[in-house]
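[1] Model the following, please.
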Amino acid sequence: MTLISRINAALPWRASRFTVPLIIAALVVLALLSPAANTSDLADQRLSSFLSGPNGARGIFDVARRLGWRVERKTRAPIDSLRAGNIVALLAPVDQLSERETTVLLAKIRNGTSLLAVGISGPLQDSLHLRAAERFVRMPLISATAMRCPSRDSRSVYQLMGDSAAVSPFPPGTKLPDGATVFLRATYPNQMYERFAAFGFPLGKGRVIAISDPNILRNDYIRICKWGLGVSVVQMLEYLTAGHLRSETRIIFDEFHQGFGPQPSVTRAIGRFLFETAPGAMLLQLLIAAGILLLAISPRPIRPTPLARIQRRSQFEHVSALSSAYKQISATRTVAQRLVRGLRRRLATAQRVAGNQSDDEAAFLRQVAAAHPDVSSETALVTTALTRPVSPAELIAVGEAIKTIERTIKR
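    I've put the predicted structure just below:
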């Protein structure tokens, strides 16, 4: 018993043999076209304000906007259009800033722009004299603010870690810059010293906050109330605002170095060269022509039909064949006629004899004898060969006479 027959037996009404397959096909199409849940944010480790998963930073973006700051995302490089009072959020970028971008950003900070830097490395880390946090070192984080949290915290993938968040602080011996303000510390109960996890310091007219571990700003770390990270982050933003009004301060989240927006691409560069420049257009045409040529000479699935060749005799074979035919039938008059016509054709090219357009070979020979009396005997011999058959010896003499007449006329 097939599946369709079982379904027909279970239906309260009698279904046709086309109804059930149509229903199954409709269900399959509906399942294929139904939108699937976006689970890419769950595995994405980037600290991006676009990501609302547990590892993203969408929570900071939304909280800052609701508290009155003007927030925006920057998906294009470089960061040049900054003014005093702006805050640049550089949250553990996947692609670190180049030397030029670092120079521009530091100049903007010294003129009044602020920086929220998380997990920085490369030229910016060297310029700020900050050592990177140690890998795989986790110490309990002590929040600077006591919180009155509900008995049941909101759901988080990190809610079973304990009463205090474990992060990787800055390495031991990290020296705080002059005028620095510490926001987060990490320590073990049996250790006598603390290590810094987040602190701010002035740089020219601007301010910088350095955070050691990206986990401090992740959505599911901030979501746990007892850790107090949400309040600490707001305090950091207040510090970076530096007395300006929230409504007048823009927080610019750098998403270009997180991999969003138009990124440098070898494929895009090659396309621009081929389609937007004259040398590229010429190279593209050469490549297309070479491809067509390769396609033309490449092996074909169907063997081409060879061209039919017709074997023909050469001119020498024709002469031999004609001479044999004339010899067999004793066509001496035809041979003499052909010889005289050849003489007339050659003399007509040289244009030495007047009136040589006549079709009568005998009349032509008479004109030659009248113009050149010294070859009258030769012309008489040829004329005789035109009117009656001659022997082979006489035919050879006719050929010699034709040669003599031609030499005499062409002198």
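[2] Let me see the backbone angles for residue 183.
    For residue 183, the backbone dihedrals (degrees, to the nearest 10) come out as phi -110, psi -40.
[3] my bad, should have said residue 141
    In terms of degrees, to the nearest 10, the main-chain angles of residue 141 are phi -90, psi 130.
[4] which ones are touching it?
    By CB atoms under 8 Å, 6 or more residues apart in numbering, the residues touching residue 141 are 164-167, 184-186, 197, 216, 227, 229. The C-beta positions use only the backbone N, C-alpha and C, and glycine is treated the same way.
[5] Kindly report the same for residue 88.
    79, 82, 105, 108, 113-116, 252, 254.
[6] I'd like to know which elements the top strand by length along the chain is packed against.
    When the chain is parsed with DSSP state E, its longest strand is strand 195-203. Here strand 195-203 touches helix 99-110, strand 181-186, strand 206-211, helix 229-241, going by 3 or more CB pairs under 8 Å, 6 or more residues apart in numbering; DSSP states H and E.
[7] any idea how far the longest one is from the chain center?
    The offset between the C-alpha centroid of helix 229-241 and the centroid of the whole chain comes to 44 Å, using CA atoms, centre = their mean, to the nearest Å.
[8] Send me it as CSV with only the CA atoms.
    Provided in CSV are the C-alpha atoms of helix 229-241 (Å, rounded to 0.1, in the frame of the first residue of the first chain):
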residue,chain,number,x,y,z
LEU,A,229,28.8,46.3,32.5
GLY,A,230,25.9,48.2,30.9
VAL,A,231,26.3,51.0,33.5
SER,A,232,30.1,51.0,33.1
VAL,A,233,29.7,51.4,29.3
VAL,A,234,27.4,54.4,29.7
GLN,A,235,29.9,56.0,32.1
MET,A,236,32.6,55.5,29.5
LEU,A,237,30.4,57.2,26.9
GLU,A,238,29.8,60.1,29.3
TYR,A,239,33.6,60.4,29.8
LEU,A,240,34.2,60.5,26.1
THR,A,241,31.4,63.1,25.6
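[9] Residues contacting that helix, please?
    59-60, 63-64, 67, 69, 87, 114-116, 141, 143-145, 147, 165, 181, 183-184, 198, 200, 207, 209, 211, 216-217, 221-222, 249, 251.
[10] Show me how the chain divides into domains.
    3-33, 42-258, 266-290, 326-410 (automatic domain parsing).
[11] Which one of those domains lies nearest to residue 317?
    domain 326-410 (14.9 Å; CB to CB).
[12] Just the endpoints, please. Distance across the closest one?
    29 Å (CA to CA, to the nearest Å).
[13] One more: stretch 166-185?
    11 Å.
[14] Buried residues of it, list them for me.
    For stretch 166-185, burial by neighbour count (16 or more other CB atoms under 10 Å) applies to 167-170, 174, 180, 183-185.
[15] Just name the closest of the contacts of residue 141 to residue 389, please.
    The closest of the contacts of residue 141, once distances to residue 389 are taken by CB to CB, is residue 216, at 126.6 Å.
[16] what's the average pLDDT for stretch 89-100?
    If you average the pLDDT over stretch 89-100, you get 87.
[17] And for it, what's in contact with it?
    If you take CB under 8 Å, 6+ apart as the criterion, stretch 89-100 is touched by 46-49, 57, 60, 78, 105, 115-124, 214, 217, 251-254, 257-259.
[18] Now the two most distant members of the buried residues of stretch 166-185.
    Pairwise over those, using CB to CB, the maximum falls at 168 and 180, 19.3 Å.
[19] hmm, back to that, can I get the contacts of residue 141 in CSV including pLDDT?
    Converted to CSV, the contacts of residue 141 look like this (pLDDT from 0 to 100):
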residue, pLDDT
164, 78
165, 83
166, 85
167, 88
184, 90
185, 87
186, 86
197, 90
216, 90
227, 83
229, 86
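[20] JSON lines please, covering those residues and showing distance to residue 387.
    Formatted as JSON lines, those follow (distance: CB to CB, whole Å):
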{"residue": "164", "distance to residue 387": "138"}
{"residue": "165", "distance to residue 387": "133"}
{"residue": "166", "distance to residue 387": "132"}
{"residue": "167", "distance to residue 387": "130"}
{"residue": "184", "distance to residue 387": "134"}
{"residue": "185", "distance to residue 387": "138"}
{"residue": "186", "distance to residue 387": "135"}
{"residue": "197", "distance to residue 387": "132"}
{"residue": "216", "distance to residue 387": "128"}
{"residue": "227", "distance to residue 387": "135"}
{"residue": "229", "distance to residue 387": "132"}
